[in-house]
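Quick one, structure for this:
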Amino acid sequence: MKLKKQSISIAIATTLLLSLLTACSSSGNDGTSSPTNEPTASATAQASASEETGSGTNGKFDPPVTINTVGCVVGTELFKGDETQENNVATKWAKESLGIDVKYMWMTKEDQCSSKIRLALSSNEALPDVLFTYDQQLVADLTQSGKLMDLGEAFDKYASDEFKSSLSDATLWYKGMKDGKRYALPVLESRHQNEPLFWFREDWLKKLELQAPKTIEDLEAVMDAFVNRDPDGNNEKDTVGISLGFANGFNQNMADTSWLFGAYGAMPGFYIKGADGKLVYGSTQPGAKQALAKLRDWMQKGYVGKDAFSQGGGEAAALVTNGRSGILPGPYWQIVWPIQDVAKINPGAEMRAHSVPSAADGTIGFRGIGVDNSFVVVNKDFKHVDALFVYLNKLYEGMNFIPGSEFANGFFEGYDYVMQDGKPVYDGSKVEGGLLDIRRNFIVPPPANADALFNNMVKLHSGVEPTTPAEIYASGAYPKETWEAAALLDQVKDRAIYNQFKGVPTPTMLTKGDYLSKLESETFSKIVFGELPIDAFDKFVEDWQAGGGEQILQEVNAWYASVNP
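Residues are numbered from 1 along each chain as shown. Presented below is the predicted three-dimensional model:
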């Protein structure tokens, strides 16, 4: 699953969630043969960079090249033994194998990184050579400051053929572009990794002689039974119908509500195509009013817990693990965490994935999550951008198990795999201390082949015998329930609703965005809680348009027309 800006505080959850970001390529190698002597396209690109900078043979920079960066720390669970962000298996590999010396200017918690960079920018302090960030607004601010390098020429010159191919879709670059120049390199994540399914307490369904719902009307009958028919058998009315969390809005990874809005043709916070082909704001569409009315009704009937607006995905998910809820909307990887804990806490519990329910007319819709949500930016004064691409080319090889590379089986033996009988094994129980996803040990999380991991899950569920390292990884690192869930999502993936606006924040977003977001959040929460009538939605739409929304729509559509001539 995608690693969002919000980090998960539970150590095991962080490690597992990070590991699901490892996307794989299904082409090539059975994992048992030794690397070939033929140079990969990445090696060719590395050699070209080496010649230009006068580095030694074998692609190692001599003297070493220094890359200054900053550490946005998630947690110590990402390291083994006495390793640290500054000194670990990845930093040692970079220096010993590539002649790249990674230096950290400072370290801070992940949620404080953007603020610290902005402070350095406003104080005219030195910025790092290379910065990885999820913050698109920070990218826009740095671009506006004139302190970023246009990476387009360097990417075209130094990126390997495989790496270039993964970013051949021009739309992937939009979020970091200005005046046609590419200031931010997108670091792709695995496709479909945070799009929702429904995870049910299957044992509750069986006990109450219910079927998994196909429609929202069916869902209401199931939720009513989960609230009023004592599914846990403790003779107390202490269960809720469904785990939903609104603390981070109506679109989030776990305890997601986007499927309800999507069933009615809306999507909060997204700019989506209207009937005339122009972009409209999803939160102001009539379907959003229908969804809010449903949530209000469900809240009043006890189907949704009263604490939903103070709960993020993790807190709402805890209702399921603690046995108080029988439904958790969320990604296909939830069986790894937190659903694996349900049976531990509630003996005999059984959970299984099903597709999200449809509206009465059969419409299914849910938020689609793009793969272009994180970026690498480079200081315009950095003299060794060629070295950065040598580094990135290698990371792409390891992330995608490129045959013939030093990382054909994974990154580092004993960390993300072990060898047994000449074959790579990705079973955490076979690795001392468990599997460790080392993505955050690198200065940039390794770029993914966006489609490979999900596709491999679907292939495995269909009965394909794993033969490539990528397939072997997916079969060893993830339980079969994950494959089944991915296959279910694959059947409805074309129903995902994506945000069509991928540009940098518009001028009116910068000046009016906070006000409009607050207006939306307060109005929606008061409607759901019953503090405002349903028709307050209509007043919200008027106020949103008058308060800057109409101007934002003009700016958004001007951008959309510019990239879709």
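
Just want the phi and psi numbers for Ala159.
With angles defined as degrees, to the nearest 10, Ala159 sits at phi -70, psi 140.

Help me confirm that it comes into contact with Phe389.
Yes. Contact criterion C-beta atoms under 8 Å: Ala159 and Phe389 qualify, at 5.7 Å. C-beta: built from backbone N, CA, C; applies to glycine.

dump the residue contacts of Ser243.
254-255, 305, 316-317, 319-320, 325, 327-329 (C-beta atoms under 8 Å, 6 or more residues apart in numbering).

Closest to Ala247 out of the residues you listed?
Ala316 (8.5 Å; C-beta to C-beta).

what kind of secondary structure is that closest one in?
Here Ala316 is recorded as helix under DSSP: H, G, I helix; E, B strand; the rest coil.

picking up where we left off before, from the contacts of Ser243, which land in helices?
Secondary structure defined by DSSP state H assigns 316-317, 319-320 of these to helices.

and the residue lying farthest from the centre of the chain, what element?
Centroid-distance maximum for the chain: Asn235 at 40.4 Å, with C-alpha atoms, centre = their mean. Taking DSSP states H and E as the definition, Asn235 sits outside all helices and strands.

pLDDT on stretch 109-126, on average?
Per-region confidence: stretch 109-126 scores 93 on mean pLDDT.

ok, so what distance separates Asp218 from Thr482?
Taking C-beta to C-beta, to the nearest Å as the measure, Asp218 falls 25 Å from Thr482.

okay, these two: which has more neighbours?
More crowded of Asp218 and Thr482, by other C-beta atoms under 10 Å: Thr482, with 22 against 15.

Where does that one fall, secondary structure wise?
Here Thr482, judged by DSSP H and E, is contained in helix 480-492.

May I see the buried residues of that helix?
Neighbour-count burial for helix 480-492, with 16 or more other C-beta atoms under 10 Å as criterion, is recorded at 481-490, 492.

for stretch 290-307, same thing?
290-292, 294-296, 298-299, 302-305.

Quick one: distance of it to the chain centre.
28 Å (C-alpha atoms, centre = their mean, to the nearest Å).

Please report the distance of the nearest residue to Leu121 once chain neighbours are set aside from Val444.
Leaving out its chain neighbours, the residue that sits closest to Leu121 by C-beta to C-beta, 6 or more residues apart in numbering is Ser145, at 5.9 Å. Look at Ser145 and Val444: by C-beta to C-beta, they are 21 Å apart.

so where is this structure shaky, pLDDT-wise?
Applying pLDDT under 70 to the chain picks out residues 1-58, 74-77.

count of residues packed around Ala247?
Residues lying near Ala247 (other C-beta under 10 Å) number 16.

Name the surrounding residues that touch whichever helix in the chain runs longest.
Selection of the longest helix in the chain by residue count, based on DSSP H, yields helix 507-529. The contact list for helix 507-529, computed with C-beta under 8 Å, 6+ apart, reads 246, 249-250, 268, 283, 292, 295-296, 299, 309, 505, 532-534, 536-537, 539-540, 543-544, 547-549, 551-552, 555.

Can you turn the buried part of those residues into a ChimeraX selection?
Applying 16+ other C-beta under 10 Å to these leaves a buried subset, and the ChimeraX line that selects it is:
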select :246,249,250,268,283,292,295,296,299,309,532,537,540,543,544,548,549,551,552,555
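
Mind checking which of the contacts of helix 507-529 land in helices?
Among those, the residues falling in helices (DSSP H) are 292, 295-296, 299, 536-537, 539-540, 543-544, 551-552, 555.

all strands for the stretch 151-300 of the chain, in order.
Using DSSP state E, counting those that start in this stretch, the strands of the stretch 151-300 of the chain run over residues 177-178, 181-182, 185-186, 197-201, 271-273, 279-281.

Alright, I will stop here.
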